[in-house]
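With the input below, show me the fold.
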Amino acid sequence: MRRLIYRNLRTTYDLRPHLFFSLLLPTLIYIFIISLAYNKIVKPIPMYDRYLSYSAFFVPAAILINTLQLSILCGSMLWTDKYNGMLEQILSFSSRAEYFLSRVLSIVIISSSTAITLGLLSTTIIKDEVSLSYATPFLFLYAVVMSSIIFASLSFCVSAVVKTPDKLTMFNRMITTPIIAISGIFYPPEYLPPLISEIAKFNPLTYAANLIRASLLGIQVNTAFQIATLTLFSGAMLIIAYILFRKMDVAY
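So this is what the prediction gives:
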């Protein structure tokens, strides 16, 4: 198991650093340039019995978008292993459960470390609105970990059924855009059209954003409900992804 996790981490950080930084750099640009520019355009947003600047509202969104993209990218490496013939070799000395679990743990480590870095950097521009507590690390990490598990599992599902790299890319792009748009990360869900606002309630990003805002800004939300919902989403997605992975033909 440890060898598989080490291999996954090394593949991401050593062999594909350009992909890693290509996701990190745009997020920093969004946080430090675009969100500050929008502060001049968008009035403070009334939410959670207080007014939030757009930067304070947007920082959790940027962190979660990066988490989503990283999770889907790393989850797609399941398909890459199959395409390159590595999956068949790996499963000759380890079980499918070990491979699957090592992938999930690797993605959690990568997403969490990146999110922590972004969180620490971004607090410099919203320091006047930051309100930390003993619950901050738990709520922040829980939102990131559950989100990475959910979207990595979604990527596993896609990787288990598609046959060509073109379809993999197409499905990943088709998945990410609606998930980001129909959520509460760029704007409060109640500002969306009524039908879309209802759909946003079934989007895990909405609940993850609420938890991160609660952790960084000290807003009052029903944290138990947000945690329970994310746990339910992640458990269901993990089970579905593992079932599809068990049925997947490892030979390309």
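
so where's the stretch 151-252 of the chain uncertain?
For the stretch 151-252 of the chain, applying pLDDT under 70 flags the ranges 250-252.

Which stretches in it count as helices?
Remark: helices assigned in the stretch 151-252 of the chain by DSSP state H, counting those that start in this stretch are 165-181, 194-200, 204-217, 223-247.

What residues sit buried inside the longest one?
In other words, helix 223-247. By neighbour count with 16 or more other C-beta atoms under 10 Å, helix 223-247 contains the buried residues 223, 226-227, 229-230, 233-234, 237-238, 241-242, 244-245. Using the backbone N, CA and C atoms, a C-beta is placed for each residue, glycine as well.

do the second one as well
In terms of neighbour count (16+ other C-beta under 10 Å), helix 194-200 has its buried residues at 197, 199-200.

Now flag whichever of the buried residues of helix 223-247 is closest to residue 40.
In terms of C-beta to C-beta, no member of these lies closer to residue 40 than residue 226, at 31.0 Å.

Export the helices of the stretch 151-252 of the chain as a markdown table, with columns for distance to residue 95.
Listed next are these as a markdown table, based on distance: least, C-beta to C-beta, whole Å:
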| stretch | distance to residue 95 |
| --- | --- |
| helix 165-181 | 25 |
| helix 194-200 | 38 |
| helix 204-217 | 28 |
| helix 223-247 | 11 |
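
can you give me the mean pLDDT across stretch 41-61?
Across stretch 41-61, pLDDT averages out at 84.

quick one: buried residues of that stretch?
Neighbour-count burial for stretch 41-61 [16+ other C-beta under 10 Å]: 45, 47-48, 52-61.

Please identify which of those is nearest to residue 29.
Looking across the buried residues of stretch 41-61 and measuring by C-beta to C-beta, the closest to residue 29 is residue 58, at 12.3 Å.

how close does that closest one sit to residue 132?
The spacing between residue 58 and residue 132, counted by C-beta to C-beta, to the nearest Å, is 19 Å.

Nearest residue to residue 189 in space, please, no chain neighbours.
Of all residues not flanking residue 189 in the chain, residue 200 sits nearest, at 4.3 Å (C-beta to C-beta, 6 or more residues apart in numbering).

hang on, isn't the one you found packed against residue 192?
Yes - using C-beta atoms under 8 Å, residue 200 is in contact with residue 192, at 6.2 Å.

Could you pull out the residues contacting both of these two?
Shared contacts of residue 200 and residue 192, defined by C-beta atoms under 8 Å, 6 or more residues apart in numbering, comprise residue 182.

Output the below-cut-off pLDDT ranges for the stretch 1-150 of the chain.
In the predicted model of the stretch 1-150 of the chain, residues 11-20 satisfy pLDDT under 70.

mind listing the helices for the stretch 1-150 of the chain?
Under the criterion DSSP H, counting those that start in this stretch, the stretch 1-150 of the chain contains helices at 2-10, 17-29, 35-39, 54-75, 77-83, 86-90, 96-122, 136-161.

closest to residue 212 out of those?
Closest approach to residue 212 among the helices of the stretch 1-150 of the chain (C-beta to C-beta): helix 54-75, 3.8 Å.

helices and strands around that closest one, which ones?
helix 17-29, helix 35-39, strand 45-47, helix 96-122, helix 136-161, helix 165-181, helix 204-217 (3 or more C-beta pairs under 8 Å, 6 or more residues apart in numbering; DSSP states H and E).

Sweet, I'm off.
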